[in-house]
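J.: my questions are about this predicted structure, shown below with the sequence.
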Amino acid sequence: MHKGSGHRGSCLCGAVTFEVDHTLKPPDGCHCVQCRKTSGHYFASTDVPKTALTVHGADALTWYQSSTKIRRGFCATCGASLFWEPLHRDWIGIAMGAFDTPTETRLEMHIFVAEKGDYYSLDDGLPQHQH
């Protein structure tokens, strides 16, 4: 992708918007308890280099330190779950549901399926990793 032609997205209310100037890698669906509780289901996200992400309305973005190594970004106005950031890495996870433009990718795998909810099944044929 060329500068200015990236993927765009936002929270539900539009207070936080973002642009990604990078091809999106295939996302994973994380079924861990933390992702399920912050998203309301499982969390599908794609990882992009931090340098490829531009956030507008960062004053409406709030961060929750969910572990010693991970923080999660939410819109302080509407509560939308937007980002999953490992603190000592050069990439950030972005919620697939937050993109406004076509993502041109498909879910690649499921992770932490040992913690998945009992109210749904995984029968899409994608690889499933217990952790």
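T.: Structure's in. What do you need? In this text, all values refer to a predicted model and were calculated from it rather than measured experimentally.
J.: how about the strands in the chain?
T.: 7-10, 17-20, 28-30, 43-49, 53-56, 61-65, 70-75, 81-86, 91-95, 109-111 (DSSP state E).
J.: now do the buried residues in the fifth one.
T.: Residues of strand 53-56 classed as buried by neighbour count (16 or more other CB atoms under 10 Å): residue 53. For every residue, glycine as well, the C-beta is placed using N, CA and C.
J.: same deal with stretch 74-82?
T.: 74, 75, 76, 77, 80, 81, 82.
J.: now swap in stretch 99-114 and tell me
T.: Going by neighbour count (16+ other CB under 10 Å), the buried part of stretch 99-114 is 99, 103, 110, 111, 112, 113.
J.: cool, stretch 53-70 as well?
T.: Buried, per 16+ other CB under 10 Å, within stretch 53-70: 53, 57, 60, 61.
J.: and the last one, how close does it get to residue 117?
T.: Looking back up the chat, that one is residue 61. 27 Å (CB to CB, to the nearest Å).
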